[in-house]
Each structure stands twice: as C-alpha cells, then as structure tokens.
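# predicted structure and sequence below. I'll ask about it afterward.
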Amino acid sequence: MRILVVSQYFWPENFRVNDLVSELGTRGHQVTVLTGYPNYPSGEVFPEFRSNPADYSEYAAAKVVRVPLLPRGSGGLRLLLNYLSFALSASVLGAWRLRGQIFDVIFVFEPSPITVGLPAVLLRALKRAPVAFWVLDLWPETLEALGVVRSPAVIKLVGRLVSFIYNRCDLVLAQSRSFIPQIRKYCAGDKRVEYFPSWSDSDFALSAVQPAAEVPAAEGVFSVMFAGNMGDAQDFPAILDAAEIVKHDRKVRWLIVGDGRASGWVKAEVERRGLGESFLLLGRHPVERMPSFYKHADALLMSLQDKPIFAMTIPGKLQSYLAAGIPVLAMLNGEGADIVRRCGAGVACPAGDGRALAAAVRELAGRQRQELMAMGARGAVLSQTEFDRATLISRLLSAFTCLAEGRPEWQEVSE
C-alpha cells in the first residue's frame with residue numbers, strides 16, 4: 001500500500017509516529033512522510049539537521065519530504081506562527097514536491113496543532129486519496145483549558161476550523177473513548193469516528209539494559225520518575241508542591257527525564273524551593289534510551305492539570321509506563337486514572353492535588369517490594385491485552401485497506 005503520513009513532527013523529534021512509520025515499512029508498505037524541519041521541543045531547528053539536511057531525507061524504509069517552517073521559539077505568538085507556517089508550507093511547497101505521486105491513503109498524526117489537517121485536506125483533493133485523522137489532542141478545548149486563547153470569538157473560529165477539517169476526513173480516530181462525543185460535536189451526522197488508542201513507543205525488556213549512567217546511584221531510595229514533555233498541561237506546580245512536602249523524606253527522590261516549555265521555570269523553582277538534592281532534572285534523551293532510565297524508577301509519574309478536557313485524555317506516556325512493568329503514579333482525573341485503578345497498576349490521586357500526590361508517593365514508598373512488582377506486572381498484562389503495538393497497527397492497516405477500497409467496515413479496538 002502507498003501511504004502518505006502528514007505530521008508536523010517527525011524524527012529526529014521523539015514522537016510515536018516515528019515508530020508507526022518504521023513498522024509500516026517493515027511490513028512492506030511504501031511510506032512517504034510530509035513533515036517540517038525538526039525543532040521540538042527546543043524551539044530551534046536542530047543543529048545537526050541544519051548541518052546535513054540530506055541525512056534526514058530517509059527514515060527506515062520511508063521517504064521523508066521536509067518543508068521549512070518558523071521554529072517554535074518561545075512565546076504564544078511564535079508558537080502560533082510555527083503552526084501556521086507549517087500548514088502553509090506543507091500545503092504549497094509540500095503539494096508541489098509530492099506532484100505526480102499516487103497514494104492509496106493519507107494518514108494525519110495530530111498531537112497538536114489541528115492545523116496539520118489543512119495540508120492533508122488539500123492533498124486529499126489533489127491525490128483523490130482518503131484521509132484518516134488521528135486525534136491525540138482536542139481543539140479548541142485544549143487551547144481554552146490552558147488559557148492560550150481567552151476570546152470566545154476566537155474559540156468559535158477555531159471550532160469552525162476543526163469542523164472544516166474533520167468533515168473533510170474519511171475516518172477520524174480518537175485516542176480515548178471520552179474524545180468521541182467531543183469530536184462528534186464538530187462532525188456531520190454520518191462521520192465515522194472510532195476509538196483508536198496509542199501503544200508503547202519503546203521495547204521494555206528492562207532485564208536486557210544497563211541503568212543509565214546519568215542517574216546517580218542511590219541505595220535504599222524510592223525513585224519517582226517523570227518522563228516526557230514538561231509543559232503547562234503537565235502541572236509541574238503541583239508536582240513541585242508534592243516534592244516540597246516530602247523533601248525531608250531522605251528515602252524519596254524525583255527523577256525528571258525530558259524538557260519543554262516549562263523546563264526553565266521548573267529549574268528556577270527547584271532552586272528557589274531548595275529541592276536540588278531530591279529533584280533531579282536529567283534533560284531530554286532519545287526514546288530508545290528510555291528503558292535505561294526506567295531501570296532506576298520505582299514508580300512512574302504522569303500528571304495533567306485539573307481541567308475537564310484533560311479528564312478525557314489518556315496521556316501518551318501511559319502505554320509506555322504500563323509496558324515497562326513499573327507501578328504508575330497518576331495525578332490526573334478521568335479515563336487515564338480509571339485505567340490505572342481498574343487494573344491495579346499503581347495509585348491514582350486527583351489532578352492538581354500536590355498533597356494527595358505526596359501521600360501517594362509515601363504510600364508506595366512504604367509498600368513491600370513484592371507488592372510493587374505485582375502492580376507493575378498487572379500493568380504489563382494490560383499493556384499486552386489492550387495496547388499491544390502489533391495488534392493496534394494491524395487494525396490501523398485494516399482501516400487503511402477499507403478506506404482505499406471504499407469499504408465502510410472496520411473493527412473498532414475491542415473493550
């Protein structure tokens with residue numbers, strides 16, 4: 001099958017779409033990726049790409065077509081221009097560079113922004129190929145929840161853009177079941193909207209890896225690890241509140257692997273609150289190295305702000321945390337927390353509640369090693385049964401085949 005993947009983010013940036021493209025190529029499909037210049041999360045185009053852009057024109061078996069964009073930089077205006085510049089560049093220059101090429105299906109990866117759908121809609125018309133759009137972030141709800149946009153008129157305008165894009169796709173995929181009614185609000189009555197969750201983006205054979213040398217050894221210490229993007233949505237103020245509450249518990253430390261728009265503020269707060277000895281900022285590392293960092297973790301932390309929109313979200317890192325077989329600390333509401341509680345894979349506490357998180361850390365730190373191992377094992381079983389990578393990608397390919405052949409049938413991921 002000839003598949004065009006449209007994604008503003010792609011390798012060497014760390015996103016799950018990289019793994020998907022690699023697997024599609026491994027299964028014998030002809031894949032082309034339309035993407036931008038790598039600049040996430042630093043906000044500047046990667047120096048190694050600037051030096052040798054030709055080195056980034058292929059990934060696994062896929063051809064990579066890159067178009068220029070304005071890097072994210074810092075500040076809301078710059079981020080908006082980053083989104084718009086990719087949409088325009090991919091629509092005009094991308095369409096030109098893909099001229100004469102035929103595709104059976106177009107797949108859109110949308111962790112944010114929704115504007116990634118604009119070039120896909122144009123290419124749908126030009127290539128006469130169906131579009132499958134994977135919604136990993138709800139617009140305009142997320143913009144409103146984070147205070148990025150406060151004007152009701154602008155929110156309404158963004159909602160119209162969302163409706164325009166969704167209604168020109170042939171299949172809309174929702175990363176959580178809670179997303180489906182929100183997506184349907186912007187869709188025509190007969191629009192196909194299906195549940196399609198994420199899978200783990202790493203192979204967690206922890207017994208086969210050595211612990212990351214960047215993490216100081218610490219015998220008898222309970223290590224809580226956060227891995228991923230450090231943004232406003234992840235609610236680091238509440239995480240730091242919890243760390244401050246337990247900072248005199250010499251047997252607890254926090255390991256933060258990642259960076260993002262909030263990383264500078266977090267670093268300053270760690271110093272201001274006197275958390276330097278217990279709250280370690282380890283920086284960003286390639287996704288393939290994550291198992292070596294997880295080797296140090298006694299619990300894996302995921303968090304989202306206390307907002308209704310985030311209660312509908314399954315954080316992308318949850319699948320990786322479950323697959324690692326390590327207890328999960330979930331400071332969030334809704335579907336993600338329900339998954340952790342349902343399978344007994346860890347402890348969940350209310351979103352935005354630093355005191356409750358501190359209590360949950362102390363609770364887990366007081367558990368016997370066998371209890372922690374049992375929690376992790378239950379998470380790993382759920383990962384294999386509900387979020388198995390091979391099964392989910394096979395289901396996605398089944399959807400692609402149905403779209404390409406004009407057939408409506410596609411089996412939704414089972415309960």
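Sure, I can see it. Numbers count the residues shown, from 1 in each chain.

# pull the residues that contact the helix-or-strand element of the chain with minimal mean pLDDT.
Across the helices and strands of the chain, mean confidence by mean pLDDT, DSSP states H and E is lowest for helix 141-145: a mean of 85. Outside helix 141-145, the residues that touch it by CB atoms under 8 Å, 6 or more residues apart in numbering are 112, 148-150, 155, 158, 182, 233, 305, 307-310. Every residue, glycine included, has its C-beta placed from N, CA and C.

# make a ChimeraX selection of whichever of those turn out to be buried.
A single ChimeraX command selects the buried members of the contacts of helix 141-145 (16 or more other CB atoms under 10 Å):
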select :112,149,158,182,233,305,307,309,310
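
# SS state for residue 3?
Recorded secondary structure, residue 3: strand (DSSP: H, G, I helix; E, B strand; the rest coil).

# what is the neighbour count of it?
By the criterion of other CB atoms under 10 Å, residue 3 has 24 neighbours.

# so what's it up against?
So residue 3 contacts 24, 29, 30, 31, 32, 103, 104, 105, 106, 107, 400 (CB under 8 Å, 6+ apart).

# take those residues and write them to CSV, including distance to residue 43.
Listed next are the contacts of residue 3 as CSV, based on distance: CB to CB, whole Å:
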residue, distance to residue 43
24, 29
29, 33
30, 33
31, 28
32, 27
103, 32
104, 36
105, 32
106, 28
107, 27
400, 34
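
# circling back: what about the contacts of helix 141-145, which are in helices?
The helices, defined by DSSP state H, take in 155, 158, 182, 308, 309, 310 from these.

# give me the distance between residue 215 and residue 242.
As for residue 215, its distance to residue 242 is 20 Å (criterion: CB to CB, to the nearest Å).

# oh, that last question was meant for residue 363, not what I typed.
Between residue 363 and residue 242 the computed distance is 12 Å (CB to CB).

# more neighbours: which of the two?
Taking other CB under 10 Å, residue 363 and residue 242 do not tie; residue 242 has more neighbours (27 against 12).

# and that one, how far from residue 259?
Residue 242 is 20 Å from residue 259, by CB to CB.

# mind checking the SS state of the residue nearest to residue 278 when sequence neighbours are not counted?
Excluding its sequence neighbours, the residue lying closest to residue 278 (CB to CB, 6 or more residues apart in numbering) is residue 253, at 4.9 Å. The three-state label given to residue 253 by three-state DSSP is strand.

# check residue 253 and give its pLDDT.
At residue 253, the pLDDT value in this model is 96.

# these two touch, right, it and residue 275?
No. Judged on CB atoms under 8 Å, residue 253 makes no contact with residue 275 at a distance of 9.8 Å.

# which of those two has more neighbours?
When residue 253 and residue 275 are compared for neighbours, residue 253 comes out ahead with 24 against 18, by other CB under 10 Å.

# what residues are up against the more buried one?
With the criterion set at CB under 8 Å, 6+ apart, residue 253 makes contact with 218, 221, 222, 223, 224, 278, 279, 280.

# just the buried ones from those residues?
221, 222, 223, 224, 278, 279, 280.

# now render these as a markdown table, adding pLDDT, secondary structure and distance to residue 48.
What follows is the buried ones among the contacts of residue 253, written out as a markdown table (pLDDT from 0 to 100; DSSP: H, G, I helix; E, B strand; the rest coil; distance: CB to CB, whole Å):
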| residue | pLDDT | secondary structure | distance to residue 48 |
| --- | --- | --- | --- |
| 221 | 94 | coil | 36 |
| 222 | 96 | strand | 37 |
| 223 | 97 | strand | 31 |
| 224 | 98 | strand | 32 |
| 278 | 94 | coil | 34 |
| 279 | 96 | strand | 30 |
| 280 | 96 | strand | 26 |
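
# of these, closest to residue 59?
Closest approach between those and residue 59, by CB to CB: residue 280, at 32.0 Å.

# and the nearest residue to residue 234 once chain neighbours are set aside, how many neighbours?
Sequence neighbours aside, residue 303 is the residue nearest to residue 234 in space, at 5.4 Å (criterion: CB to CB, 6+ apart). Residues near residue 303, counting by other CB under 10 Å, number 25.

# hmm, residue 303 is touching residue 232, no?
No. With contact defined as CB under 8 Å, residue 303 does not count as touching residue 232 (11.5 Å).

# so where is the stretch 1-150 of the chain shaky, pLDDT-wise?
Judged by pLDDT under 70, the stretch 1-150 of the chain has no weakly predicted residues.

# all strands for it, in order.
Along the stretch 1-150 of the chain, the segments classed as strands by DSSP state E, counting those that start in this stretch run 2-6, 30-36, 58-59, 62-67, 105-110, 131-135.

# okay, those, which one's buried deepest?
Neighbour counts (mean count of other CB atoms under 10 Å) averaged over each of the strands of the stretch 1-150 of the chain peak at strand 105-110, with a mean of 26.

# show me what counts as buried in stretch 156-176.
158-159, 161-162, 165-166, 168-176.

# mind pulling up the pLDDT for residue 229?
89.

# what number of residues lie near it?
Residues near residue 229, counting by other CB under 10 Å: 21.

# state the phi and psi torsions of it.
Note on residue 229: backbone dihedrals following degrees, to the nearest 10 are phi -70, psi 140.

# picking that back up, which among the contacts of residue 253 gets closest to residue 358?
residue 224 (10.4 Å).

# mind listing the residues bridging to the closest one?
With DSSP bridges applied, residue 224 shows beta-bridge pairing to residue 254, residue 299.

# I'd say it and residue 303 touch.
No. Using CB under 8 Å, residue 224 is not in contact with residue 303; the gap is 11.0 Å.
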